[in-house]
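A.B. asks: I would like to see how this sequence folds:
(3 chains)
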Amino acid sequence: MIRILGLVVLVAAALAAPYFFYPIFLMKALCFALFACAFNLLLGYVGLLSFGHAAFLGTAAYITGHSMKVLGLPPELGILAGTAAAALVGLVFGWLAIRRQGIYFAMITLALSQMIFFYALQAPFTGGEDGIQAIPRGHLLGFIDLTSEIALYHFVLAIFVFGWLVIYRTIHSPFGQVLKAIRENEPRAISLGYRTDHYKLMAFVLSAALSGMAGSTKTLVFQLASLTDVHWHMSGEVVLMTLLGGMGTVFGPVVGAFLVVSIQNYLAQMGSWVTIIQGGIFVVCVLLFRRGIVGEVLALIRKLRERQARTG
Amino acid sequence: MFELLGIPPQVLFGQLLLGLINGAFYATLSLGLALIFGLLNIINFAHGALYMMGAFVAWLLLNMLGIGYWPSLFLAPVLVGLFGILLEKTMLSRLYKLDHLYGLLLTFGLALMIEGLFRQMYGVSGLPYPIPDALKGGQNLGFMFLPNYRGWVVVASLLICFATWFLIERTKLGSYLRAATENPALVQAFGINVPRMITLTYGFGVALAGFAGVLAAPIYSVNPLMGSNLIVVVFAVVVIGGMGSIMGAILTGFGLGMVEGLTKVFYPEASNTVIFIIMAIVLVLKPAGLFGRAR
Amino acid sequence: MKHSTALLAGVAALALSAGSALAQVSDDVVKIGVLNDQSGTYADLAGPGSTLAAQMAVDDFGGTVLGKKIEVVFADHQNKPDVGSSIVNRWIDAEQVDVVVDVPTSSVALAVQEITNRKGKVHLNSTAASSDMTGKACSPTGIHWTYNTTALANGTGKAIVAQGGKSWYFLTADYAFGHALERDVSAVVKAAGGEVKGVVRHPFPNQDFSSFLLQAQASGAQVIGLANAGADTINAIKQAGEFGITQAGQKLAGLLVFLSDIHSLGLQTAQGLQLTTGFYWDMDDETRAWSKKFAAKHNGAMPTMVQAGVYSAVSHYLKAIKEAGTDDGKKVVDKMKELPVKDFFARNATIRADGRMVHDMYLAEVKKPSESKGAWDYYKILRTIPGEEAYGPMNPACPLVKG
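C.D. replies: Coordinates of the predicted model:
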């Protein structure tokens, strides 16, 4: 009962939020929340730390931007094209990277994403340092005008919810159970007869595709695709969001993304202090609360319940 | 005048030599990374920031205390090394029982903080650091004009790389170190203080980064971002070389510097990417890296 | 307070989405948003100094216009178009900012130009270089104040060819600004009877220029044109000295060099470099008086041309609001174009229909250490380049230009 009530309140709050907060800020936070959730699918549920997820966000952003501005595709097809492109890049990256584990995996994904970065810097269609600017938002399905920020917000919210549900379903499916088994003990999963590389690759591609969807949506919001999206700092940022919110929890990355985007938004005046603060949060998270905010809260609730069960 | 693929041989030799100079930095940095990784199993993301610190320490020594290049070449790495030891004692040492990825994340955070602080204090225009008087000027090699200082960079880093290799592969201390890398519990049982060895190794690896920073100071302007631009390339060097051997790190560093130099002649636009392309190829053919052992 | 403005913005957005056209209500404040790089590559040449210049302009104007308070806010765009455009969107939608000033980095400037154009707010650009700002990206509410790539090319390029530097080799930063600068200078060099022997595109940003310099040396060109900016230019000049390139007789041409770059390089390294600037602090009593006032509040650092440009642009903007009696973007800019521009910065100046502020530029040479009488005494002005000559004709690619 409380759960249903909570859900109703959450949905109502999400629908009404743009009337109380600056809609572009909310949309940015939602895009990054989806990005972090997609990243968390890999880190939290398969135990793979990718340091190159910016490549997927960025590739999708560029493809969406190009297909909408130059080829004149409508937004729904633009997003689809971006997502597909990210999935394709994810397939190549994944095929190369899952050969190694742990730290090597992180460094390989980082290096591969640098290649995408340099490609984006040089390729003529990306506009180099300028990025692709003034991308038209267009009409969704031909009749919903997305230049209205409220309409766009609800579209972005729908995409976020869709992406989040995909991840939620994946985690709780038999496929998700195998992923968790790989995270806990890969040799055992292999000995049980699972082709773990196959599973890891599928999870990688799914994560890349959803990251791409976040990138495409972000392009639609800001009407811009730029090098920031493919820079390795972006890969670091998504790690920060996930770590701060709580990896391996379904709501953690969302909380983390909202917090990090707020920090960037409200401390923008402080210049390099933003970097210092972000670095500090990293350090504090790793040293003191590795479970992240949501993870710590869940652990606290569990502890209280246990105590209650014992005493009552 | 004969030409090779349309490139005059003078230019080719010149670029190879310049590649060797860049390679000297890659080698010194990846050597430090390899040492730290070998014993601590941590990828030190802060390596670039500490390299930058080395350059800044040299600059500060000169401008605050009037201490010149030659003493700095020793002092700055020591100071950076001590800073590293402080980091290891207070933070990194808490993470050894956890997944190695936490070490990567912690040092990433530290790198952001160190870089941010230096940016906040010194801006990013870069600060000038003079070439020491003894190394001013240059030699005309016929095919190019080689500034004395650049020649010194290659000599100095070859010396330091060789000394490190000798220390680890040929001395008793080194054999303890190698043994501790293989099996820390066993070495501890022999009465050797492994945690202290780990601390000192981290300090030494970081000091190598500081040393590279001092070497770089007179060539590049002393700039808070000088490390973050380099670190990703050095990571790729490390992946290509494989983490297994000290020699591997050194050879790969110098070798890739030269490959990069050649790329700058034939296809300059790709000079940033070539190392990553090589990395992808190596990964497909030899996932453990050129000199690495599979772990 | 913040909450209520957010609410207001939400309601306004709702109203707009419902299709009713609300008239632009002039809120009770004229808000100036200084958007630039506060901590990155371009922080020293614009950065906090530009914010200071804008604040000085407001103070000198008296702090109010049409009986309303003038406020200055600033933000760091980190040289990223996405960060910049989200700040500007927020400023305009939710924080009543009326004018965005400074905006270094061509990529961010072009993004801001597009947003301000769409939302009818003013964009006074001082620090971006691209001549596209008054070309295909020109806007009825945008004014490009201090300099652009065309002026740099006409200034430095023409002067060096005239002195006998006929053959050129370019070291170009491999991104939009570098390409634009290379393109404009090449055109000037060729038109003046010179030739371009080759180009090498270096990654941006880049630290080690040695191999590119070596290629430039091998080309045998008389002049090596540095089509880059900031730290890249500084590094290239330093390393050219190290490799004995200038001693061997080749000449370096820094195509975009700021006073702060020279300060960082030091006269020993930079001496003899020729450059084009829109302003120098030590030109006459007026420039000295303002610059010393500026330096006193800026840790003793003298203003760069773009910081002085920010002061000049903001002063003129406020004057135009007073004359026009409104802060409506389009009307104020029309008034700015109508009013004569005259202050210590802008000499023989007018604002063209395409939004280009045309004013006298100067060809300067960096002094030898022996010629410098003290800190910040860096330039000899060789020649005044009349505005017309520096900026050339209007670009027909701009829709505001009536052909």
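A.B. asks: after the lengthiest helix in chain C comes which helix or strand?
C.D. replies: Secondary structure of chain C per DSSP state H: the longest helix is helix C:305-324. Following helix C:305-324 in sequence order, the next helix or strand is helix C:329-338 (DSSP states H and E).
A.B. asks: buried stuff in that next one?
C.D. replies: By 16 or more other CB atoms under 10 Å in any protein chain shown, the buried positions in helix C:329-338 come out as C:329, C:331-333, C:335-337. Every C-beta, even on glycine, is put in place using the N, C-alpha and C of the backbone.
A.B. asks: which strands and helices sit next to that helix?
C.D. replies: Applying 3 or more CB pairs under 8 Å, 6 or more residues apart in numbering or on different chains; DSSP states H and E, we find helix C:329-338 packed against strand C:122-125, strand C:142-144, helix C:305-324.
A.B. asks: got the contact list for the most centrally placed residue in chain A?
C.D. replies: Geometric centre of chain A, nearest residue: A:F35, 1.1 Å, by CA atoms, centre = their mean. Shown in contact with A:F35 (CB atoms under 8 Å, 6 or more residues apart in numbering or on different chains): A:53, A:57, A:211, A:214-215, A:238, A:241, A:257.
A.B. asks: counting by contacts, list what the helix or strand harbouring C:W168 packs against.
C.D. replies: For C:W168, the host element (DSSP H and E) is strand C:167-173. Under the contact criterion of 3+ CB pairs under 8 Å, 6+ apart, strand C:167-173 touches helix C:176-191, strand C:195-202, helix C:210-219, strand C:223-227.
A.B. asks: export those to CSV and tack on mean pLDDT, distance to chain A and mean neighbour count?
C.D. replies: Converted to CSV, the helices and strands packed on strand C:167-173 look like this (pLDDT from 0 to 100; distance: least, CB to the nearest CB, whole Å; neighbours: other CB atoms under 10 Å in any protein chain shown):
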stretch, mean pLDDT, distance to chain A, mean neighbour count
helix C:176-191, 89, 5, 22
strand C:195-202, 89, 9, 18
helix C:210-219, 87, 16, 24
strand C:223-227, 93, 14, 28
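A.B. asks: what pLDDT is listed against the residue nearest to the centre of chain A?
C.D. replies: pLDDT recorded at A:F35 is 96.
A.B. asks: distance of it from A:K28?
C.D. replies: According to CB to CB, to the nearest Å, A:F35 stands 11 Å off from A:K28.
A.B. asks: what of B:L92?
C.D. replies: 34 Å.
A.B. asks: wait, which of the helices and strands packed on helix C:329-338 is closest to C:Y280?
C.D. replies: When the helices and strands packed on helix C:329-338 are compared by CB to CB, helix C:305-324 sits nearest C:Y280, at 7.5 Å.
A.B. asks: what angle separates the closest one from helix C:329-338?
C.D. replies: Counting by axes from the mean of the first three to the mean of the last three CA atoms, to 10 degrees, helix C:305-324 lies at 110 degrees to helix C:329-338.
A.B. asks: can you count the residues close to the closest residue to A:Y104 other than its chain neighbours?
C.D. replies: For A:Y104, ignoring the flanking residues on the chain, the nearest one in space by CB to CB, 6 or more residues apart in numbering or on different chains is B:V239 at 6.7 Å. Using other CB atoms under 10 Å in any protein chain shown, B:V239 has 30 neighbouring residues.
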